[in-house]
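Asker: Build the 3D model from these lines:
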Amino acid sequence: MRSLTENTSVNAVRTEVTTSLGFDEVLARLHAQMGRASVQDIVALAKLPVTEAEYVREVRTRFVGDSGFMLFAEIDHGGWLSKFGINRRTVRWILGNPLIAVTMIRHDIAAGLFAPVELLVTEAEDEQGATVTYMRPSSLMMVKDNPPLLEAAQALDEKFDALVALATTP
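Answerer: Got it, this is the predicted structure:
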């Protein structure tokens, strides 16, 4: 038997940062700040007989980049959009850090729906700049009054904003 228990609306905030820097430059800056891992890497490490402290140390040393994030997946929408007459480079990234995610998920397991986070890098139509678009994580996670979750989600907002600023500031 299935029952619908709750529908909750969120007031999500979409952020767009436009820069005169070119698409390739923005991606290069993001890549330079990013660690690399697959979700399978993170789970496989957790399944080893390691303590929480050892897990944290391994994640930090093996996977996390200078920004505090790691790239989990890159989806090249621009690679297929030209088949439909949309000739703009655009890439969607899924990025995060399980050590940041747990700071939120421990206060609301449903916060895992929005961790890891995502961003979209799109080349300007005139090819003279780029836009980074993302949803503010705290605006997606906060569906109920939960001060510890809000504090952790706002800390993620700040880290995410800092990464985007680093990639887009000329």
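Asker: same for the longest helix anywhere in the chain, what does it pack against?
Answerer: Taking DSSP state H as the criterion, the chain has its longest helix at helix 147-168. If contacts are counted by 3 or more CB pairs under 8 Å, 6 or more residues apart in numbering; DSSP states H and E, helix 147-168 sits against strand 14-19, helix 23-33, helix 98-105, strand 117-123, strand 130-135, helix 137-141. Every residue, glycine included, has its C-beta placed from N, CA and C.
Asker: now that helix and strand 14-19, what's the angle there?
Answerer: With axes from the mean of the first three to the mean of the last three CA atoms, to 10 degrees applied, the angle from helix 147-168 to strand 14-19 works out at 20 degrees.
Asker: so where's this structure uncertain?
Answerer: The model of the chain has pLDDT under 70 over residues 1-2, 4.
Asker: now with 90?
Answerer: Within the chain, the stretches with pLDDT under 90 are 1-11, 141-145.
Asker: one step back: which outside residues touch the longest helix of the chain?
Answerer: With contact meaning CB atoms under 8 Å, 6 or more residues apart in numbering, helix 147-168 is reached by 15, 17-19, 21, 26, 29-30, 33, 67-69, 100, 103-104, 107-108, 111, 115, 117, 119, 130, 132, 134, 136-138, 141-142.
Asker: Would you verify that Glu74 is located in a strand?
Answerer: Yes - checked against DSSP: H, G, I helix; E, B strand; the rest coil, Glu74 lies within a strand.
Asker: That one: how many residues sit nearby?
Answerer: Neighbour count of Glu74, defined by other CB atoms under 10 Å: 15.
Asker: how about it, what does it touch?
Answerer: Contacts for Glu74 (CB under 8 Å, 6+ apart) come out as 91-94.
Asker: quick one: which of those has the most company?
Answerer: Trp93 (22 neighbours).
Asker: Surely it is in contact with Leu30?
Answerer: Yes - under the criterion of CB atoms under 8 Å, Trp93 makes contact with Leu30 at 7.3 Å.
Asker: okay, and the common contacts of the two?
Answerer: By CB under 8 Å, 6+ apart, the residues touching both Trp93 and Leu30 are Val121.
Asker: Does Thr133 touch Thr122 like I think?
Answerer: Yes - at 6.9 Å, Thr133 and Thr122 qualify as touching, with contact defined as CB under 8 Å.
Asker: Neighbour count: those two, which is higher?
Answerer: Thr122 (21 against 17).
Asker: That one against Asn87, yeah?
Answerer: No - counting by CB under 8 Å, Thr122 does not reach Asn87; the two are 12.0 Å apart.
Asker: Please consider this matter closed, and thank you.
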